[in-house]
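A.B. asks: give me coordinates for this.
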Amino acid sequence: MHYINVKAPSLPLQPREYDFEQQQQLLNVLRLYFNQLDGAFKQLTGTTGNLLNTPCSLYFSIIPQYAGVVDTAYPIFFENVYFENGMTLSNNSTSSFTGSISGTTLTVSAVASGTVLVGAVISGTGVTPGTRILEYGTGTGGTGNYVIDTSQTVSSTAMTATSPTRITVDNEGIYNFQFTGVTVSTNSSAKDIWIWIRRNGTDIGYSGLPLTNDVNNGHNLQKWNFNIDVDAGGYIEIMWATSNVDLHFDSEAPSSPYPGHTSAVMAVNYVSNTEGFVVATPPSP
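C.D. replies: Below is the predicted model of the structure:
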């Protein structure tokens, strides 16, 4: 996108008598000016990436998010889209493995590629569409057991799991990301959590937000609000890690009079294009 920069033209002076060439020059100047006005109005009233219909989105998760291993980076996932315009939520982490299902237990016997993550949707022959991994069991990203959300029976077969973690923008620009998460500690020992920004697969240096939770079964609100430049087709992820797996992002179902709460929410708003901005290279992570 570009700035709207339309200026009134300098019109040629009219001679006392009709002059065809002079009249054509005047019409050409006016034609160019009105074409510029048309372009400006399209920027104002177009469908995406303009000044009135601005790219924005709201994503959220109603699934608790766990760390399988301490001091390990995990992407925060958002399996629900409230609205989006000029950007999309897409899968980042994809894993392939051999697994079987009995009831709500997924047993992974071998991993061909990737990491099996909580929040991932699994697919394979005989697997109920939309089945999602809810919790780690004996498995923490590799072989072992996992809790899923849909009871079923599936014999050992090849499966894949995908997690919606990438927020990809259609237009180059500076975007504001507003992340909110709710964490719960299951005991009173101090636990550290780190939250940081990953852009196009690379961690942004010094973007970490360290926090500590030492309240037994108490809720802590984690917030991270930042502006960042993103190229067209580029994406942002929010990563997290913890010093203790007894700390996780928590959600609760509605229970009167409370409407329930999400484990994570991400609001994204387009701020500006990058014309006129000096964008520095961030330090290495």
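A.B. asks: and Leu32, how far from Pro9?
C.D. replies: 7 Å (Cβ to Cβ, to the nearest Å). Every C-beta, even on glycine, is put in place using the N, C-alpha and C of the backbone.
A.B. asks: swap that for Tyr206, sorry
C.D. replies: Note on Tyr206: its distance to Pro9, by Cβ to Cβ, is 49 Å.
A.B. asks: bridged to Ile238, which residues?
C.D. replies: Ile197 (DSSP bridges).
A.B. asks: go ahead and confirm it touches Ala73.
C.D. replies: No: at 10.8 Å, Ile238 does not count as touching Ala73 under the criterion of Cβ atoms under 8 Å.
A.B. asks: neighbour count winner among the two?
C.D. replies: Ile238 (23 against 13; other Cβ atoms under 10 Å).
A.B. asks: list the contacts of the more buried one.
C.D. replies: Pro75, Ile76, Thr165, Phe177, Phe179, Ile195, Trp196, Ile197, Arg198, Trp224, Ala264, Met266 (Cβ atoms under 8 Å, 6 or more residues apart in numbering).
A.B. asks: ok, the fifth one touching Trp224?
C.D. replies: Yes: distance between Phe179 and Trp224: 4.4 Å, which falls inside the contact criterion (Cβ under 8 Å).
A.B. asks: neighbour count winner among those two?
C.D. replies: Remark: of Phe179 and Trp224, Phe179 carries more neighbours, 23 against 19, as counted by other Cβ under 10 Å.
A.B. asks: surely Val127 is in a helix?
C.D. replies: No: secondary structure of Val127 (DSSP: H, G, I helix; E, B strand; the rest coil): coil, not part of a helix.
A.B. asks: skipping adjacent residues, who's closest to it in space?
C.D. replies: Counting by Cβ to Cβ, 6 or more residues apart in numbering, the nearest residue to Val127 once its immediate chain neighbours are dropped is Val154, at 5.6 Å.
A.B. asks: work out the gap between the helix or strand in which the one you found is found and the centre of the chain.
C.D. replies: In the assignment (DSSP states H and E), Val154 maps to strand 144-169. On the basis of Cα atoms, centre = their mean, to the nearest Å, strand 144-169 sits 19 Å off its chain's mean C-alpha point.
A.B. asks: cool, and stretch 15-35?
C.D. replies: 52 Å.
A.B. asks: how about stretch 228-243?
C.D. replies: Average the C-alpha atoms of stretch 228-243, do the same for its chain, and the two points are 7 Å apart (Cα atoms, centre = their mean).
A.B. asks: for that stretch, buried residues please.
C.D. replies: For stretch 228-243, burial by neighbour count (16 or more other Cβ atoms under 10 Å) applies to 228-230, 234-243.
A.B. asks: repeat that for stretch 97-107.
C.D. replies: Under 16+ other Cβ under 10 Å, the buried positions of stretch 97-107 are Phe97, Thr98, Gly99, Ser100, Ile101, Leu106, Thr107.
A.B. asks: likewise for stretch 25-45?
C.D. replies: Per 16+ other Cβ under 10 Å, stretch 25-45 contains these buried residues: Leu26.
A.B. asks: and that stretch, average pLDDT?
C.D. replies: Stretch 25-45 shows a mean pLDDT of 78.
A.B. asks: got it, and stretch 277-285?
C.D. replies: 81.
A.B. asks: show the end-to-end separation of it, please.
C.D. replies: End-to-end distance of stretch 277-285 (Cα to Cα, to the nearest Å): 23 Å.
A.B. asks: got a list of what the residue nearest to Val127 touches?
C.D. replies: By Cβ under 8 Å, 6+ apart, the neighbours of Val154 are Gly99, Ser100, Ile101, Gly124, Thr125, Gly126, Val127.
A.B. asks: show the average pLDDT along the strand holding Val154.
C.D. replies: Mean predicted lDDT for strand 144-169 stands at 96.
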